[in-house]
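*Asks:* let me see the structure of the following:
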Amino acid sequence: MVFHTNLNEATAMKPSLSALPIRALAAALFAGLQLLSFAQAAEPPASSEPVQLRNQAPGFFRMQLGDFTVTTLFDKSLQLPTSVLQGAAPGQIQTLLDAGDNPLSAFPVSDNAFLIHTGRELVLIDTGAGRFYGEGDGSLLDNLLAAGYQPEQVGKIILTHLHADHIGGLLRPDGQPAFPNAAIYSHSADFALWTSAEMARSTDPAKRKLHDIVKTVSAPYRAAGRWHTFDGQAEIAPGVTAVPLPGHTAGHTGVKVSSHGETLWAVGDMIHNLAAQSAQPEIYASFDTDGGQAAATRRQAFARIAAGHDWIAAAHAPFPGIGRLRDDGGRFAWLPAERLPLAESPR
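*Replies:* Below you'll find the model as predicted:
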C-alpha cells in the first residue's frame, strides 16, 4: 500500500466520485471510516478523572445447579510457601508445581466463599478472611454487593472449619456483624477446641491468636443466639447438607449441595494446591491436623466426585474455584467451570 504525502499529487490521481462504481465507492467510504476510527482511538480521551487501571473486575462468578444458583465470592489472594506441601519428596512436589506453572518458592491461593441461592433462602459457605488474615480488608462484602445481594439477605452461613481465612469475614472492618440476620453453623469439635482454655493458654502464639479470633468473630452472633453447632452430617437447609471431611481440622466439614439431580461438593481446605494434590492426592499440607487422614479423605472424595460427574468447589483453588474432576487412573484432572448463561429462575 502506498501513502501519498503530497496533497496535490494525491488529489490529481484520485478519480471523481461520479466515475467510481457503487461498490468501489462504498468500499472507499468504509475504509475512510476505519481510518477515522483508528485515528480517534489512537489517543485516549481527556478526562478530569484518572482511569483506575489497577482496579480488578468484581470478583464473583455464577453458575446454575439444578434450580439453585451458586455464586463464588472472591475475598483475597494469599501466598503459601511450597514447603507446606508434604507427603512426597520435595523434588517430586516441585516437579508437580512446575507442571502447574508454580515454579517459585511460594504459590498463590484464592480465598473463595460460595453463596447458594435455593430460591427460598441464601446460604453462604465460609466468609473469607476479612481483616484477620493476610494484608488489608477482604473484598467479600464488596463482591456480594456487586453480585446483586445484600448482607442482610443471607439467612444461613456454614463454616467448613474455624481457621481465620474462613471466618474472618463474619465481621465488618468496623467490628460489627457483617451478616446481621444470619444463623451461623459450625462443627462442635472445631468450636470446642478453639474456644477452649487449653488454646487460650497455649505456648504456640498462632494457636492463641486463632483462639482470640474465634472468640471475637463469634461473640456478637452468640450473644444474639444465632451461633449453632452440629456433629457429623447435618442438613442445614433443603438440598444443603454438611458432611464430614476429616483430616484438616478436628471437625473439618464439606457441604453437599443438590438440586434436580445435580450435585456440588464444597470441600473447604481439602485442597490447597491443585497442581500437586490433584495429580497426587497423598500430598497434604503441614497445617493439616492429621495429614494421613486428610490425604485419605481427599483420595476417597476425589474418586466419588469424579465417578458421579459432580461439581467441586474449593476455597483455595484459583478463582472461581469451581470445576469437575476426571479420574485418570488415580491421578485427577481439574476441569474448570465455564462461564455460561443462566436459566430464568426464582433468583
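*Asks:* quick one, what contacts Q64?
*Replies:* 70, 340, 342-343, 345 (CB atoms under 8 Å, 6 or more residues apart in numbering). In this view, the C-beta of every residue, glycine as well, is placed from N, C-alpha and C.
*Asks:* can you rerun that using 6 Å?
*Replies:* 342-343 (CB atoms under 6 Å, 6 or more residues apart in numbering).
*Asks:* hey, what's it bridged with?
*Replies:* Bridge pairing for Q64 (DSSP bridges) gives the partners T69.
*Asks:* nearest spatial neighbour of L342, chain-adjacent residues omitted?
*Replies:* Q64 (5.0 Å; CB to CB, 6 or more residues apart in numbering).
*Asks:* how long is stretch 232-245 end to end?
*Replies:* 9 Å (CA to CA, to the nearest Å).
*Asks:* sorry, wrong one. I was asking about stretch 194-203.
*Replies:* 14 Å.
*Asks:* got the buried residues for it?
*Replies:* 194-195, 199 (16 or more other CB atoms under 10 Å).
*Asks:* also stretch 137-151?
*Replies:* So for stretch 137-151, counting by 16+ other CB under 10 Å, buried means 137-144, 147, 149, 151.
*Asks:* from these, which is closest to K76?
*Replies:* Distances from K76 to the buried residues of stretch 137-151, taken as CB to CB, are shortest for G138 (5.0 Å).
*Asks:* and the spatially closest residue to that closest one that is not a sequence neighbour, how many neighbours?
*Replies:* Residue nearest to G138 in three dimensions, not counting chain neighbours: D75, with 4.0 Å by CB to CB, 6+ apart. By other CB atoms under 10 Å, the residues close to D75 number 30.
*Asks:* just read off the phi/psi values of D75.
*Replies:* Here the main-chain torsion angles of D75 (degrees, to the nearest 10) amount to phi -100, psi -60.
*Asks:* hang on, the earlier thing: Throw the buried residues of stretch 194-203 into TSV and include secondary structure, pLDDT and distance to Y284, thanks.
*Replies:* As requested, the buried residues of stretch 194-203 are arranged in TSV below (DSSP: H, G, I helix; E, B strand; the rest coil; pLDDT from 0 to 100; distance: CB to CB, whole Å):
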residue	secondary structure	pLDDT	distance to Y284
W194	helix	97	21
T195	coil	97	26
M199	helix	96	22
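*Asks:* that older thread, just the ones in helices from the buried residues of stretch 137-151, please.
*Replies:* 140-144 (DSSP state H).
*Asks:* quick one on the thing from earlier: tabulate the buried residues of stretch 194-203 (JSON lines), appending distance to I184.
*Replies:* Output for the buried residues of stretch 194-203, formatted as JSON lines (distance: CB to CB, whole Å):
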{"residue": "W194", "distance to I184": "14"}
{"residue": "T195", "distance to I184": "13"}
{"residue": "M199", "distance to I184": "19"}
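*Asks:* identify, from the residues you listed, the entry nearest to V257.
*Replies:* W194 (25.7 Å).
*Asks:* got the contact list for that closest one?
*Replies:* 162, 210-211, 214.
*Asks:* mind checking which of those are buried?
*Replies:* Buried among those (16+ other CB under 10 Å): 162, 210-211, 214.
*Asks:* list phi and psi for the spatially closest residue to R331 that is not a sequence neighbour.
*Replies:* Of all residues not flanking R331 in the chain, A279 sits nearest, at 5.1 Å (CB to CB, 6+ apart). Main-chain dihedrals, A279, degrees, to the nearest 10: phi -70, psi -30.
*Asks:* A279 and L96 touch, don't they?
*Replies:* Yes: judged on CB atoms under 6 Å, A279 makes contact with L96 at a distance of 5.3 Å.
*Asks:* who does the closest residue to Q233 other than its chain neighbours form a beta bridge with?
*Replies:* Nearest residue to Q233, sequence neighbours excluded (CB to CB, 6+ apart): V243, at 5.3 Å. For V243, the beta-bridge partners under DSSP bridges are G254.
*Asks:* for V243, give me its contacts.
*Replies:* 233, 254, 256.
*Asks:* could you dump the residues you listed to JSON lines with pLDDT and distance to G323?
*Replies:* Output for those, formatted as JSON lines (pLDDT from 0 to 100; distance: CB to CB, whole Å):
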{"residue": "Q233", "pLDDT": "97", "distance to G323": "24"}
{"residue": "G254", "pLDDT": "98", "distance to G323": "15"}
{"residue": "K256", "pLDDT": "98", "distance to G323": "16"}
